[in-house]
Structure formats: structure tokens, C-alpha cells
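In: Got a predicted structure here, sequence first:
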Amino acid sequence: QQQVKQSPQSLIVQKGGISIINCAYENTAFDYFPWYQQFPGKGPALLIAIRPDVSEKKEGRFTISFNKSAKQFSLHIMDSQPGDSATYFCAAASNTGKLIFGQGTTLQVKP
Amino acid sequence: DTAVSQTPKYLVTQMGNDKSIKCEQNLGHDTMYWYKQDSKKFLKIMFSYNNKELIINETVPNRFSPKSPDKAHLNLHINSLELGDSAVYFCASSHQGSPLHFGNGTRLTVT
């Protein structure tokens, strides 16, 4: 049972474009929704996170949009750069602390 | 001064062998984790320890045994290795609900 569903599996964007990755969850007990960025040969690193009491959070070029009623959240990368090429994971956690990851999205930003 | 360090980075071994992966964190975190990332990059939690006490134990074969000698270390011992154990294993740590900090992974290849 996949509790966090992520799409698309892969994404190709031109430099300067907007990258959008979507996630949907099932468990209404989830109350923490982070996004992780992973480069080849490295571990995932926290990019940005949101809690369900807000509908949007922005940090630089990265924005999380959160729709609690639809149980969906998404990552927008504005002005995408080749250096953003990586695998992105959405995740969700409840107060148990167990982080459930989505399947990952491989982003390629073409120069 | 790596925050979460794992050794070895690569591990190649034959079926049936027993191997260990070590993890140390110098962040002063009280909770440590092992995650498995399969060939499709899917990340799945295996174990979680809080102050040396096991708090999360997912459905993992009992050939996998975590050991936490102190709250800065969480080692993973694997008995009777199988081909399907080939994956990248990530150690991570967190403190009182803070975001997970991941190590750079150990790529295990079973031949």
C-alpha cells in the first residue's frame, strides 16, 4: 500500500522554466510534509517543508502548495536551473515520526 | 566534520555472507534510522532507534539486525545475504521531530 503517491516519475524542463511535482497522501494523521532533494551518490537532503496549517510556503525559487481537503501537495521550482537536476522526493509524517516517502521524481533541466 | 557518516561507502559480497554497515552522527540527535533505497530509488524505512531503544521496526527479515551501542551510533548487521538485499542503505538522524539528516549511503551489491 503506497501511502504517498508522487508524479511524474521523470520530468524534463528547459532552463528558466517551472518544474512542478505533485504528491497525494491518504493518511489524514500526517501533519508534516517535507520535500527532499537527492543528487547522485549522495543522501537525500531537506529542501523545504510545510505543515497543514498553511496552504503555501516559499523559500527562494522553491514553493510548496498544500491542499488539505484534496490531500495533495506540490513542489514548484521557479526559474529552473541545470544545477536543480536531481531526484526529488515528497514525504509525509505523523506524530510517530515515521517518514513515508513518495516514489521520487527525476528532474532534468536542460541548458 | 560530516554530520552523518556511514562506512563502508561500497560493499560487494557473495550470497550467504554476513556483513555490517556502520553509522555515526555527530549532531547530538537522539533518534537514528536505517532506510533502504532500491534500484527504482524508492526509499523505505527499516528501523528507528531513540536513545538506543528500538521504536520502529518495519517488516524486515530477521536477517537484518540493528545495533545501537550509544545514541550516536546505529549499526546494521545482515546475515545470510541474498541477491535481493542489493540496494543502497541510508542512515539518518533527527532530534525531537527535526528534519532527517541522511548519510551518503552504502551501496551493497550481493553477487
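Out: Looks like it arrived, so ask away. This structure is a prediction, so every number in the text was calculated from the model and none was measured.

In: Would you map the strands across the chain?
Out: Let's take chain A. Along chain A, counting by DSSP state E, strands occupy A:4-7, A:10-14, A:19-25, A:33-38, A:45-50, A:56-59, A:62-67, A:72-77, A:86-93, A:99-101, A:105-110.

In: hm, I was asking about chain B
Out: B:4-7, B:10-13, B:19-25, B:31-37, B:43-50, B:53-57, B:64-70, B:73-78, B:87-94, B:101-102, B:106-110.

In: right, and those - which one's nearest A:Thr105?
Out: strand B:43-50 (12.8 Å; CB to CB). C-beta coordinates here come from the backbone N, C-alpha and C atoms, glycine included.

In: could you give the mean pLDDT of that closest one?
Out: What strand B:43-50 shows for mean pLDDT is 91.

In: Check which helices and strands it is in contact with.
Out: When contacts are defined as 3 or more CB pairs under 8 Å, 6 or more residues apart in numbering or on different chains; DSSP states H and E, strand B:43-50 packs onto strand A:99-101, strand B:31-37, strand B:53-57, strand B:64-70, strand B:73-78.

In: buried ones in it?
Out: Applying a neighbour-count criterion of 16 or more other CB atoms under 10 Å in any protein chain shown, one finds B:43, B:45-50 buried in strand B:43-50.

In: Please name whichever of the helices and strands packed on strand B:43-50 is nearest to A:Asp79.
Out: With CB to CB as the measure, strand A:99-101 is the member of the helices and strands packed on strand B:43-50 nearest A:Asp79 (26.3 Å).

In: Within the sheet, what are the partner strands of that closest one, with directions?
Out: Within its sheet, and counting by DSSP bridges, strand A:99-101 is paired with strand A:86-93 (antiparallel).

In: Could you tell me which residues of chain B lie near chain A?
Out: Residues of chain B lying close to chain A by CB under 8 Å from any CB of the partner chain are B:4, B:31, B:40-45, B:48, B:55-56, B:90, B:92, B:94, B:97, B:99-105.

In: let's see 6 Å
Out: B:41-43, B:56, B:90, B:99, B:102-105 (CB under 6 Å from any CB of the partner chain).

In: So which of the residues you listed is the closest to chain A?
Out: Nearest to chain A among the residues of chain B next to chain A is B:Phe102, at 3.2 Å by CB to the nearest CB.
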